[in-house]
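> Sequence first, then the predicted structure:
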Amino acid sequence: MNIKIPGIYVIILVLSIIIFIVIELIKPREVSWETTFSSKSSMPYGTLVISEMLPQLFPGKEVNINNKNYYETDPENNSNIVIINNNFYCDEYSTYALLDFVVDGGNLFISAFDFNYIILDTLKLTVSSEWARDGHNFNFINEELKSSRDYHIEYQYSSFFTLDSCTNCTPISKFSNGNINFVQIKFGNGNIYLNSNPLAFTNYHILKGNVIDYAEKSLSMLTVTDVIWDEYQRNRLTNNMSALQFISNNPPLLVAYYIGLLLLILFVILFGKRRQRLIPVIEPLKNNSLEFAETISQLYLQQKNHKDIVNKRILYFFDHLYHRYNIKDRDLNDELIKKLAVRTSKNEGEIRKLISTLKKCSTAGKVSDSDLIDLNKKLENFYQ
C-alpha cells in the first residue's frame with residue numbers, strides 16, 4: 001500500500017532544511033583555542049602564519065609537507081625537517097630514522113612541550129614543566145640575538161630542559177627565571193634543535209607583540225636549504241579519533257550528520273509500514289564440497305595409485321612453504337631443512353624426518369599403504 005504525503009509537508013521540510021543549512025553557513029565561526037599546531041589552521045594556536053613565512057626564511061628553496069611516517073620518507077641529507085606540535089611522542093623506528101637523517105648531515109628542528117624517551121636519553125637531556133599565572137617571558141642568550149624587550153607568551157604552562165651530561169649542547173634561549181627552553185646539539189654531521197616553547201610559533205603570538213622576531217631568528221638558525229614541514233605528528237593523533245569525534249570537530253560535517261539523522265527519522269515515521277508482501281524464504285543450495293572431496297579420495301584409494309597422491313601432496317607442500325613462509329626452494333635438501341627450522345620454530349629433527357620421508361616417497365617407484373599413511377601423519381603434524 002502506497003502512502004500519499006501532502007505536497008505542502010514536503011515543501012515545508014525542504015525549506016526547513018535549506019534555511020537550517022544557510023544559517024549554519026553564514027553564522028560567525030567560533031574561535032577555537034585548541035592547540036592544533038596545524039599549518040592549515042588560522043585559529044590562534046594554528047601555525048598557518050609561520051608556515052607561510054617559510055619561503056621568505058628559506059628563499060629559493062622547496063618547502064614540502066610531510067604526512068608520512070619518517071622511516072617511509074627519503075629526505076635529502078642536507079635538508080631541514082621542522083616539527084611543531086604539543087608533544088613529540090614518536091615510535092622507536094621513526095625516531096631512529098630521524099636521528100640517522102641528522103647523522104648524515106640533515107638538520108632537525110622540533111618544538112614541543114615534551115619529547116619521547118629515545119630523544120632525551122640519546123641526547124642526555126631532561127624535560128620538566130612549570131606554571132606561571134601571568135604567562136612566561138623569555139629571550140635569547142647570545143647578545144647578538146637577544147631582544148631589547150623580552151618576548152612574552154600568554155600561557156600558564158611551559159616546559160624547560162636540564163642539560164644533564166649533554167655533550168656538544170649549546171643553550172640558545174631561556175625563560176626569565178633562567179630555565180633553558182631552546183638548545184642546539186651537534187649530532188653526527190648535522191644538528192638537532194630542540195625547543196620547548198611551541199606556542200611561540202603559533203598564529204596568536206606571532207601576530208601579537210614581538211614574538212615574530214623570536215620565531216624568525218629561531219628558524220633562521222637552520223641551513224638555507226630545502227625544508228620539510230611535518231604534519232605527520234599532528235595527523236597521527238587525528239587518525240586515532242573515532243568517527244563521531246572527527247565529525248564533532250568539524251562543524252559542516254556535524255550539520256550534515258544532524259540533517260541525515262532528521263531525514264532518517266522522517267523516513268522511519270512516514271515509510272515504516274511494510275509496503276509489499278512477505279518475501280518467501282528460499283533455502284540455500286547445500287554445500288557438497290566435503291562429500292565431493294571424500295568421493296575423489298575414495299577413488300584414489302580404490303585405484304591404489306599412491307604415487308600420484310604423493311606427488312600431489314609434495315606439490316601442495318611446496319606451495320604451502322611459498323605462501324606461508326616465502327620459501328621458493330624446490331629441493332628436499334639440508335638447506336631447506338635449516339630454513340624451515342628457523343622460520344617455523346619447529347624441531348629440526350622432526351623436519352628432517354619429514355623431508356626424508358618426502359624424498360623417499362618421491363623417488364620410490366611404488367608407494368605402499370603404510371608409507372602413504374606415515375607421510376600423511378608427518379605432513380599433518382607439520383601443518384599444525
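Yep, it's here.
> where does residue 353 sit relative to residue 212, distance-wise?
76 Å (CB to CB, to the nearest Å). Quick note: C-beta positions are derived from backbone N, CA and C, even for glycine.
> Who has more neighbours out of those two?
Comparing residue 353 with residue 212 by other CB atoms under 10 Å, the one with more neighbours is residue 212, at 18 against 14.
> now whichever strand or helix holds the more buried one: how far from the chain's centre is it?
Per DSSP states H and E: residue 212 is located in helix 211-219. In terms of CA atoms, centre = their mean, to the nearest Å, the centre of helix 211-219 is set 30 Å apart from its chain centre.
> Sheet-wise, list the partners of the following helix or strand past it with their directions.
Next along the chain after helix 211-219, taking DSSP H and E as the criterion, comes strand 227-230. Sheet pairing for strand 227-230, assigned by DSSP bridges, gives strand 63-66 (parallel), strand 80-84 (parallel).
> Parallel or antiparallel, list what pairs with the next helix or strand after the longest one.
By that I understand strand 80-84. Remark: after strand 80-84, the chain's next helix or strand is strand 87-88, criterion DSSP H and E. Strand 87-88 has the following sheet partners, assigned by DSSP bridges: strand 114-115 (parallel).
> residue ranges of the helices in the stretch 101-250 of the chain, please?
117-123, 203-206, 211-219, 232-238, 243-248 (DSSP state H, counting those that start in this stretch).
> Least confident of the ones you listed, on average?
Set side by side, the helices of the stretch 101-250 of the chain give their lowest mean pLDDT on helix 243-248, at a mean of 62.
> Can you name the secondary structure element that comes next after it?
Downstream of helix 243-248, the next assigned helix or strand under DSSP H and E is helix 251-271.
> What are the buried residues along that following helix?
residue 255 (16 or more other CB atoms under 10 Å).
> for it, what is the average pLDDT?
73.
> Please name every helix or strand in contact with it.
When contacts are defined as 3 or more CB pairs under 8 Å, 6 or more residues apart in numbering; DSSP states H and E, helix 251-271 packs onto helix 7-26, helix 243-248.
> Kindly report which one of those helices carries the lowest mean pLDDT.
helix 243-248 has the lowest average pLDDT among these, namely a mean of 62.
> thinking again about what came up before, give me whichever of the strands paired with strand 227-230 is most buried.
Across those, the average number of neighbours (mean count of other CB atoms under 10 Å) peaks for strand 80-84, which reaches a mean of 25.
> what's the angle between that one and helix 211-219?
Angle of strand 80-84 versus helix 211-219, following axes from the mean of the first three to the mean of the last three CA atoms, to 10 degrees, is 140 degrees.
> got a list of contacts for strand 80-84?
37, 47, 50, 54, 58, 66, 75, 98, 101, 106-112, 198, 201, 219, 222-223, 225-230, 233 (CB atoms under 8 Å, 6 or more residues apart in numbering).
> how close does residue 380 get to residue 313?
To residue 313, residue 380 is 10 Å away according to CB to CB.
> Run a quick neighbour tally on residue 282.
Here the count is done by other CB under 10 Å, and residue 282 has 6 residues near it.
> Let me fix that, I meant to ask about residue 95.
Residue 95 has 20 nearby residues by other CB under 10 Å.
> again, but for residue 96
As a measure of burial, residue 96 has 15 neighbours, counting by other CB under 10 Å.
> contacting residues for the spatially closest residue to it that is not a sequence neighbour?
Excluding the flanking residues, the one nearest residue 96 by CB to CB, 6 or more residues apart in numbering is residue 118, at 7.3 Å. When contacts are counted by CB under 8 Å, 6+ apart, residue 118 touches 90, 92, 95-96.
> ok, residue 60 - how many residues close by?
8.
> swap that for residue 131, please
9.
> sorry, back to before: weakest of the strands paired with strand 227-230 in terms of mean pLDDT?
strand 63-66 - the lowest mean pLDDT of the strands paired with strand 227-230, at a mean of 91.
> I'd assumed residue 181 was in contact with residue 175.
Yes: between residue 175 and residue 181 there is a contact under CB atoms under 8 Å: 5.8 Å.
> Spit out the residues that contact these two alike.
138, 158, 160.
> Compute the number of surrounding residues for the last one.
In other words, residue 160. For residue 160, using other CB under 10 Å, the count is 21.
> Over to the second one?
When neighbours are defined as other CB under 10 Å, residue 158 has 21 of them.
> thought it was touching residue 196?
Yes: with contact defined as CB under 8 Å, residue 158 reaches residue 196; the gap is 7.2 Å.
> what sits in contact with each of the two?
Residues touching both residue 158 and residue 196 (CB under 8 Å, 6+ apart) are 113, 181.
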